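>>> Quick one, what's the 3D model for this:
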Amino acid sequence: MTERSTTHTTSSAHYYTSTLLALPERTVAVVLAGGRGTRLRAAADPELQSTPKVLVPIDTISGHTPMLGHALTQLTAVGLRRIALLTSADPATGAQDVEAYALTHCARQVELTIHREHHPLGTAGAAYAALAHLPDTPVAVVLPADTLFPFTLLPAAVAAHGARPAAVTWTVTTDPGPGAQNVGRIFLDSDGEHVVHALEGIDATLPADSRQGLRQATSTGAVILTPGPFRVLFEEYAQRRAHPGEADLYRQFMPWAISQGHLVGAYDLRAPAPDLGTPDRLAAHGRTAA
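Predicted structure coming up:
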């Protein structure tokens, strides 16, 4: 019996495709580490009162380690070799201790830069300022050091961002888990690819009739940026403000971008990313072995 000859068509060949999930070369992780930790310092625990927020120890599979150490270790584990640490001159943030820890913890493993703001810039403003020093960066991942982000999902989120025209992609989750902050305050389009309403930090409810066809999600804290377009967009935002001031990435900049018709992408991790910024959430998610 002779083997039957088959001619492969263009359409059938397109079936055999895949997505490369490796992080693009020169990708930088912009780690937010300039918070005052006001809510943690209000606790009765002396350690929380005296320790810079991102240096508060948590329990991880590798042992008892500061929040920042966990984030840096996980970022290098998924292939990131460039990290920009964002700190603040505010004495309450303990910037010198935070910077010294980062230098000791990962300076030999990664290309580490430290960016200390002179006055409060907010998360969007601080990211904008840091990216001015990183001109060869194709992609930036901005994320807080006090969140237990599912880092193994980060390469897929970056790949999804690269396949879309948006300058900014907000990583969200439709499975936030118990005790999550601001649950369901992000609304996605019917395909789940773009954010259409962002109500984080806003005392407002989206009318039921305007939710039809939308998906509700919760922020995971990580935002993926294409630096050039992001900086152009941020400059437009800053120029429209009455006065320069702190610019929050989640509660001000991205909601403004959406309101102006700019695309803000969405990537659903479908996994929890617990925020450890309060004593209760720290006890529930960060000190589970205690």
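>>> which SS class is the residue nearest the centre of the chain?
Nearest residue to the geometric centre of the chain (C-alpha atoms, centre = their mean): Ala222, 1.3 Å. Recorded secondary structure, Ala222: strand (DSSP: H, G, I helix; E, B strand; the rest coil).
>>> give me the low-pLDDT residue ranges for the stretch 101-250 of the chain?
The stretch 101-250 of the chain contains residues with pLDDT under 70 at 107.
>>> all strands of it, in order?
111-117, 140-144, 168-173, 186-188, 195-198, 215-225 (DSSP state E, counting those that start in this stretch).
>>> Packed most tightly, which of these would that be?
Most buried of the strands of the stretch 101-250 of the chain by mean neighbour count (mean count of other C-beta atoms under 10 Å) is strand 168-173; its value is a mean of 26. The C-beta positions use only the backbone N, C-alpha and C, and glycine is treated the same way.
>>> the inter-axis angle of that one versus strand 215-225?
Angle, strand 168-173 to strand 215-225, by axes from the mean of the first three to the mean of the last three C-alpha atoms, to 10 degrees: 130 degrees.
>>> which other residues reach strand 168-173?
The contact list for strand 168-173 (C-beta atoms under 8 Å, 6 or more residues apart in numbering) reads 157, 160-161, 186, 188, 195, 198, 217-226, 230, 233, 250, 254, 257, 264-273.
>>> the helices in the stretch 101-250 of the chain, which residues?
122-131, 154-162, 227-239 (DSSP state H, counting those that start in this stretch).
>>> Skip ahead from the last one and say which helix or strand is next.
Remark: after helix 227-239, the chain's next helix or strand is helix 254-259, criterion DSSP states H and E.
>>> Now do the helix or strand just after that next one against strand 168-173: the angle between them, please.
Using DSSP H and E, the next helix or strand after helix 254-259 towards the C-terminus is strand 264-268. Using the same axes, to 10 degrees, one finds that strand 264-268 and strand 168-173 are set 30 degrees apart in direction.
>>> Which neighbouring elements make contact with strand 264-268?
Secondary-structure packing of strand 264-268 (3 or more C-beta pairs under 8 Å, 6 or more residues apart in numbering; DSSP states H and E): helix 154-162, strand 168-173, strand 186-188, strand 195-198, strand 215-225, helix 254-259.
>>> same thing but at 6 Å, please
strand 168-173, helix 254-259 (3 or more C-beta pairs under 6 Å, 6 or more residues apart in numbering; DSSP states H and E).
>>> starting at the chain centroid, how far to the first one?
This points to strand 168-173. 8 Å (C-alpha atoms, centre = their mean, to the nearest Å).
>>> strand partners of that strand, parallel vs antiparallel please.
Strand 168-173 has its sheet partners listed here by DSSP bridges as strand 215-225 (antiparallel), strand 264-268 (parallel).
>>> any chance of those strands in a markdown table, plus distance to Arg116?
Listed next are those as a markdown table, based on distance: least, C-beta to C-beta, whole Å:
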| stretch | distance to Arg116 |
| --- | --- |
| strand 215-225 | 20 |
| strand 264-268 | 28 |
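>>> Between the helices and strands packed on strand 264-268, which one is closest to Val110.
strand 168-173 (21.2 Å; C-beta to C-beta).
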